[in-house]
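Visitor: A predicted structure for the sequence below; I have some questions about it.
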Amino acid sequence: MDLFSEAIYTRRRAQLKTLVGNGQILLMGNDESSSNFEHNHYPFRQDSSFLYFFGIDRPGLVGLIDIDANKETIFGEEATIDDVVWTGPQALLADLAARVGVLDTAPLHRLSATLGATVHFLPPYRPENILKLGAWLTKTPEAITAGWSKPLVESVVALRSVKDDGEIEELEKASKVTASIHLTAMKAAVRGTREFEVLAEMQHAAAMANSSFSFPPIVTTNGQTLHNYYYGHELREGLFLCDAGGESAKHYAGDMTRTYPVATTFTTKEREIYDIVASALQASVQAAKADILFKEVHLQAALVIAEGLKDLGLMKGESVEAVSAGAHALFFPHGLGHMLGLDVHDMEDLGEDLVGYDDEVSRSSQFGLKSLRLGRRLQEGFAFTIEPGIYFIPELIEKWQSEKRFADYLNYPKILGYLGFGGIRLENDYYIKHGKAELLGPAVPLTNTEVEDFRKSLD
């Protein structure tokens, strides 16, 4: 089991106790989850907050931090002889707990008797954990779903948002695997191949690094669909978009997107759009510094996209006004990025607005901007993605044109000439170091020249 040092976990729990202040903190680990019958499980994934504070990557555990009694306990069951027969010898729970600085362990059936009047818990996302909490706290599932502790969530977000050196090292490892996955995809994505064949090569690259995907990959010739999980198309012509990431052994995530032509070179039209997206990425990296609102970085990227599309005749009018109105979102309907860490969308199980926003900046209701997951000020140690894109979504174009929406800023006759183009997204992972954005992991071909040179080298 890959763990940080005992001191790291002990310090994290001590910081959490100080922030929450009083009562008991109940951190739920995850159970095995069955796919089509009880003993046929999905791959196990431990809860990320449990990993952050307790580290133990084993199902069926619960951590209790009693702030008032200054006591920490991990509840769970020891392996039975039947477990050993089927899965092999298992470390004693007490031995694992000692490795993360916890002195007390107990079986789960003793948990409910130890709970007091004030129990803090995080928003549960697994149905079995909702039922467990309901039984222990004698509350309905609806009350449990609504009864999570905001002070605990805010405290966990405050701690997990700032990555320490060990976490950055894990993110570097994840980004290294991610780069390998993408280089493999760039080699495999050739004319006549099917999307699932590219995906298979990516899976092999991850497995050879003793890793797995940090999220279901998007591997598609239809890049205009933001989350496209169909893998059956043949690569013939046009653009190919690959959005994928690997995990480190401690479950830190990588997340990268590349888009490139199925041919070895871009067409003129493809290169023009590609270069706008690449410029938006570069401008965003330059703008992403400590103490700047990420929302402002997003808007700067949107302005670069609007100006570039205006140069091509796809947009018109004053670009600043167009972005303020949201006209650019026809082409860029999602946010510029999100927090990164133990989850690819880090901590979003705790509530996206509590992770990406705060009292200073709240989420917009404007189309496109409302999908920005991260709006708050960047801080030293934050890890996040930057992923601008330009998409030509036929259904959205048809709807907006029929409504004459933003007719002062959108040149619909010209835009219609791009139906069937698809979409382009480019994404890298960064963290704030010494006040500026530093790339996580090795560089992967990005400029149009780098992409074409790499693709040509495969011939």
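Guide: Thanks, I have it. Numbering: from 1, shown residues only.
Visitor: show me what contacts residue 182?
Guide: The contact partners of residue 182, by CB atoms under 8 Å, 6 or more residues apart in numbering, come to 242, 244, 256, 258, 444. For the C-beta atoms, the positions are set from N, CA and C on the backbone; glycine is no exception.
Visitor: I figured residue 321 was touching residue 409, is that so?
Guide: Yes - judged on CB atoms under 8 Å, residue 321 makes contact with residue 409 at a distance of 7.5 Å.
Visitor: follow-up on the earlier one: and the contacts of residue 182, which is closest to residue 389?
Guide: Nearest to residue 389 among the contacts of residue 182: residue 258, at 11.6 Å, using CB to CB.
Visitor: quick one: which of residue 321 and residue 409 has more around it?
Guide: residue 409 (23 against 12; other CB atoms under 10 Å).
Visitor: correct me, but the more buried one touches residue 314?
Guide: No - using CB under 8 Å, residue 409 makes no contact with residue 314, being 10.0 Å away.
Visitor: where does this protein have its least confident helix or strand?
Guide: When each helix and strand of the chain is scored by mean pLDDT, DSSP states H and E, helix 81-87 comes last, with a mean of 90.
Visitor: where does the nearest residue to residue 319 once chain neighbours are set aside fall, secondary structure wise?
Guide: Sequence neighbours aside, residue 306 is the residue nearest to residue 319 in space, at 4.2 Å (criterion: CB to CB, 6 or more residues apart in numbering). If you go by DSSP states H and E, residue 306 is part of helix 294-311.
Visitor: do the same with residue 69
Guide: Using DSSP H and E, residue 69 sits in no helix or strand.
Visitor: renumber starting at 832 from here on
Guide: Sounds good: first residue 832 from here, last item residue 900.
Visitor: count the neighbours of it for me.
Guide: The burial count for residue 900: 11, using other CB under 10 Å.
Visitor: now residue 1076
Guide: Residue 1076 has 26 nearby residues by other CB under 10 Å.
Visitor: for residue 1148, same thing?
Guide: 17.
Visitor: not counting sequence-adjacent ones, nearest residue to it?
Guide: residue 1240 (4.7 Å).
Visitor: also residue 834?
Guide: Setting aside the residues directly before and after it, residue 834 is nearest to residue 886 in space (CB to CB, 6+ apart), at 4.8 Å.
Visitor: any idea how far the one you found is from residue 833?
Guide: Taking CB to CB, to the nearest Å as the measure, residue 886 falls 9 Å from residue 833.
Visitor: more crowded one of these two?
Guide: Neighbours were counted for residue 886 and for residue 833 using other CB under 10 Å; residue 886 has more, 25 against 10.
Visitor: the more buried one: what's it in contact with?
Guide: When contacts are counted by CB under 8 Å, 6+ apart, residue 886 touches 832, 834, 835, 840, 930, 931.
Visitor: recalculate using a threshold of 10 Å.
Guide: Going by CB atoms under 10 Å, 6 or more residues apart in numbering, residue 886 touches 832-837, 839-840, 843, 877, 894, 927-928, 930-933, 1081.
Visitor: next one: residue 1188
Guide: Taking CB under 10 Å, 6+ apart, we find residue 1188 in contact with 1125, 1126, 1182, 1194, 1195, 1203, 1204, 1205, 1206, 1207.
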